[in-house]
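Student: coordinates for the following, if possible.
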Amino acid sequence: MLGRPGREFGYRREVGWRVGPDGTAVCVHPYRVGLPPGRYASAGEPVPESADEGLLPSEEALRLPEALDDLEGWLVATLRVADDDEIFSAVRRAEQAAAVRFAPDAVVTALRRVLSRELTRR
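Tutor: Next up, the predicted model:
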């Protein structure tokens, strides 16, 4: 499983996603979508018959990122490994950790986007 995106999967702001060396779109956080890494839409690989909800983030994905572009992915990873009864303390810890590296408004914006999806999954 892929962890944190490497330089070979650079985020292209002009298109709004990460691309591989050949320019095709890549998903570098498979646990976010429940599918193993693949180029389903960009290279026509067949989508697996059943999504795996059990995909978990790698240890690398659980480390606070250096780049703001990777903050949402890290937040998702952090919340995906939290037990249901500890989700609110996980959010608090993630917010505190992210605030050390990123501006408060950026952290709040990322949390709002992530929580709007993650809380409905539970």
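Student: could you chop the protein up by domain?
Tutor: Domain ranges of the chain: 1-56, 64-122, per automatic domain parsing.
Student: mean neighbour count, the ones you listed: which tops it?
Tutor: Among these, domain 64-122 has the highest mean neighbour count (mean count of other CB atoms under 10 Å), at a mean of 15. Backbone N, C-alpha and C define where each C-beta goes, glycine included.
Student: tell me how far the ends of it are from each other?
Tutor: 23 Å (CA to CA, to the nearest Å).
Student: what of stretch 75-89?
Tutor: Using CA to CA, one end of stretch 75-89 lies 13 Å from the other.
Student: low-confidence stretches in the protein?
Tutor: 1-7, 27-34, 37-38, 42, 50-54 (pLDDT under 70).
Student: report the longest helix in it, please.
Tutor: The single longest helix within the chain, with elements called by DSSP state H, is helix 104-121.
Student: just checking, what packs against that one?
Tutor: helix 71-80, helix 87-101 (3 or more CB pairs under 8 Å, 6 or more residues apart in numbering; DSSP states H and E).
Student: 6 Å instead?
Tutor: Helix 104-121 sits against helix 71-80, with contacts defined as 3 or more CB pairs under 6 Å, 6 or more residues apart in numbering; DSSP states H and E.
Student: any idea how far L75 lies from R39?
Tutor: 25 Å (CB to CB, to the nearest Å).
Student: same question, L64
Tutor: Counting by CB to CB, the gap from L64 to R39 is 28 Å.
Student: centre-most residue in this protein?
Tutor: G73 (2.3 Å; CA atoms, centre = their mean).
Student: now V19. Its backbone dihedrals?
Tutor: With angles defined as degrees, to the nearest 10, V19 sits at phi -130, psi 150.
Student: what sits against it?
Tutor: Taking CB atoms under 6 Å, 6 or more residues apart in numbering as the contact definition, V19 lies against R12, A25.
Student: sounds good, over and out.
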